[in-house]
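Asks: Sharing a model prediction with you, sequence too.
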Amino acid sequence: MTEKQFRKKLIIRIIIGTLFFVTGFTPLLLYIILRGRLYMPYVPFDNVKSTVEVLSSLYKTYFFIFVLPCIGLFISIKNLIVLKNQNLFKKRYVAENDERNKQISLRAMSWTTYVGIYSVFVTAFFAPSVVIKYLMILVCVPLAVFCIVYTVLRKKM
């Protein structure tokens with residue numbers, strides 16, 4: 001990877017971090033703006049919620065209140081600092097292109113996948129039948145994609 005490609009990669013990371021921030025912060029602003037000011041006419045159905053109720057239930061979870069915008073902001077600022085500081089840029093460029101780091105990353109990803117698949121299979125023994133069906137779908141679809149990609153790459157290499 002050249003330095004120009006690495007710069008593009010950092011810019012893409014900044015854009016993704018900004019999207020995380022906007023995705024987490026926008027519903028909070030909508031909730032603040034619409035709270036108490038939204039008129040909802042009478043609806044005869046009990047299960048229909050107003051926009052304010054949906055947004056307030058969304059913001060009862062800490063993930064969308066705090067974590068998602070903070071992660072987005074952290075990713076954007078970190079990559080912007082790396083992009084602006086030339087010494088830090090060189091260090092990150094060398095670290096990301098190092099073969100040893102790539103090998104460690106691949107091995108960690110494979111171990112994570114194995115542990116995830118085995119934990120789903122173990123969980124399936126103790127879960128109800130409906131949950132087992134969805135767990136097996138969550139396991140089998142990525143495994144099928146892996147088998148297809150592995151076969152294609154094996155033929156090309």
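Replies: Arrived safely.
Asks: Can you name every helix or strand that the helix or strand hosting residue 33 contacts?
Replies: Assigned by DSSP states H and E, residue 33 belongs to helix 3-34. Where contact means 3 or more Cβ pairs under 8 Å, 6 or more residues apart in numbering; DSSP states H and E, helix 3-34 is packed against helix 51-58, helix 68-84, helix 86-97. For glycine as for every other residue, the C-beta is placed from the backbone atoms N, C-alpha and C.
Asks: Nearest to residue 27 among these would be which one?
Replies: Closest of these to residue 27 is helix 51-58, at 5.5 Å (criterion: Cβ to Cβ).
Asks: Now do that closest one, average pLDDT.
Replies: Mean pLDDT, helix 51-58: 61.
Asks: got a list of what the residue nearest to residue 93 when sequence neighbours are not counted touches?
Replies: In space, and not counting its chain neighbours, residue 93 is closest to residue 6: 5.2 Å by Cβ to Cβ, 6 or more residues apart in numbering. Counting by Cβ atoms under 8 Å, 6 or more residues apart in numbering, residue 6 touches 89, 92, 93, 96, 97.
Asks: Tell me the spacing between residue 6 and residue 90.
Replies: 10 Å (Cβ to Cβ, to the nearest Å).
Asks: in the protein, which ranges drop under the pLDDT threshold?
Replies: Scanning the chain for pLDDT under 70 picks out 31-32, 34-65.
Asks: what domains does the record give for it?
Replies: 1-97, 99-157 (automatic domain parsing).
Asks: if you compare the ones you listed, which one is most tucked away?
Replies: Highest mean neighbour count among the domains of the chain (mean count of other Cβ atoms under 10 Å): domain 1-97, with a mean of 13.
Asks: Find the residue closest to the residue most central in space within the chain in space, skipping its chain neighbours.
Replies: In the chain, the residue lying closest to the centroid (Cα atoms, centre = their mean) is residue 20, at 8.8 Å. Closest residue to residue 20 apart from its sequence neighbours, by Cβ to Cβ, 6+ apart: residue 72 at 2.9 Å.
Asks: for residue 11, same thing?
Replies: Residue 11 sits nearest to residue 83 (Cβ to Cβ, 6+ apart), 7.3 Å away.
Asks: Brilliant, that's me finished.
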